[in-house]
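Student: okay, predicted coordinates and the sequence, questions at the end:
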Amino acid sequence: MKIAICTPHYADVTAAYARSLSKMLLRTAGSSISFNNVVTPPSFEVFMRKSSVLPRCRNTLVKDALEWQANYLLWIDADHSFPEDALLRLLSLNLPVVGANYPRRAKPTWPTAVSLDGEFVWTTEDLARSREVVQVRHLGLGFCLIDMNVIHALRQEAPGRPLFALEMVGEGLEVVAEDVFFFRRVNEAGFGVYLDHALSWHIGHVHDRIVTNADAIAERDAFGTAQ
């Protein structure tokens, strides 16, 4: 089983990312995982692309993963921290697209995930303890595992159409981000997008501080009044 770890970045990666990645690779490499009913050790390749144009980065990284003939693509943003068993957790769920909900780099902060009803999804400690996995409309790509069969299906469905793009809305004052654009395509193709609350609670987003879902919950009321 081949797992392409893809990281777009503009500046240098953070120390928290580098430490988390090394510990996760060591933990995962020492595990045997069932793939196509065969227990096998995974192999990895880390692909990184540097650009200020994020959709271009992501489309190029998908091309890298395809050329390497990856079975899975794991998106990790360069400003995230994550537990050493994070990849094993997502693989164990056996879902086509599954990732983490994490707070944005802002104060007050708020979550990236949006429910099927169009509401923000707030990851609480209780949801994390219950290990709840829910279907959502979209989430961020800071830590997200994608079965490459999804990528193949989307490319076959619309050859030449980008997987990631920015869309201007209305008079151009609002932007549909490249991750929302991608997840819209995933949903339209019938795959579904899922969120793991247990993993989400342990994801950190590095800014002037590392923000976690505990911060998002603590600042939830302030976010509501700041809108």
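Tutor: Arrived safely, thanks for sending.

Student: can you give me the strands in this structure?
Tutor: 2-9, 33-35, 38-40, 43-50, 72-76, 80-81, 97-99, 133-136, 143-147, 167-169, 174-176, 193-196, 204-206, 210-211 (DSSP state E).

Student: the ones you listed: which one's closest to R58?
Tutor: strand 2-9 (5.9 Å; Cβ to Cβ). Just so you know, the C-beta spots here come from the backbone N, C-alpha and C atoms, and that holds for glycine as well.

Student: out of the strands of the chain, nearest to F183?
Tutor: strand 193-196 (5.3 Å).

Student: off-centre distance for that closest one?
Tutor: Taking the mean of its C-alpha atoms, strand 193-196 sits 9 Å from the chain's own mean (Cα atoms, centre = their mean, to the nearest Å).

Student: what comes into contact with it?
Tutor: 89-90, 93, 95, 97-101, 113, 121, 123, 131, 133-139, 183, 186-187 (Cβ atoms under 8 Å, 6 or more residues apart in numbering).

Student: what about the residue lying closest to L25 once chain neighbours are set aside, distance to C57?
Tutor: Computed as Cβ to Cβ, 6 or more residues apart in numbering, the closest residue to L25 that is not its neighbour in sequence is F44, at 6.2 Å. Counting by Cβ to Cβ, to the nearest Å, the gap from F44 to C57 is 19 Å.

Student: could you do N187 as well?
Tutor: 23 Å.

Student: residue contacts, the residue nearest to K23 when sequence neighbours are not counted?
Tutor: The spatially closest residue to K23, leaving aside those adjacent along the chain, is E84, at 4.1 Å (Cβ to Cβ, 6+ apart). For E84, the contact set (Cβ under 8 Å, 6+ apart) comprises 20, 23-24, 26-27.

Student: make it 10 Å
Tutor: 19-28 (Cβ atoms under 10 Å, 6 or more residues apart in numbering).

Student: pull out the buried positions in stretch 19-32.
Tutor: Buried residues in stretch 19-32, counted by 16 or more other Cβ atoms under 10 Å: 20-21, 24-25, 28.

Student: looking at the residues you listed, which is nearest A198?
Tutor: Checking the buried residues of stretch 19-32 one by one against A198 (Cβ to Cβ), the nearest turns out to be M24, at 15.7 Å.

Student: list the contacts of that closest one.
Tutor: 5, 44, 74, 76, 82-88.

Student: buried among these? Make that a PyMOL selection.
Tutor: Written as a PyMOL command, the selection of buried residues from the contacts of M24, which uses 16+ other Cβ under 10 Å, is:
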select buried, resi 5+44+74+76+82+83+84+85+86+87
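
Student: which one of the contacts of M24 is nearest R155?
Tutor: Relative to R155, the closest of the contacts of M24 is L74; by Cβ to Cβ it sits at 18.6 Å.

Student: and the pLDDT for that closest one?
Tutor: L74 carries a pLDDT value of 98.

Student: specify the beta-bridge partners of it.
Tutor: Per DSSP bridges, the residues bridged to L74 are I5, L145.

Student: check contacts around H202.
Tutor: Counting by Cβ under 10 Å, 6+ apart, H202 makes contact with 81-83, 85-86, 89, 100, 102, 128, 212-213.

Student: can we see that at 8 Å?
Tutor: 82-83, 86, 128, 212.

Student: picking that back up, can you tell me which two in the contacts of M24 are farthest apart?
Tutor: Applying Cβ to Cβ across these, the maximum distance is between F44 and P83, 17.0 Å.
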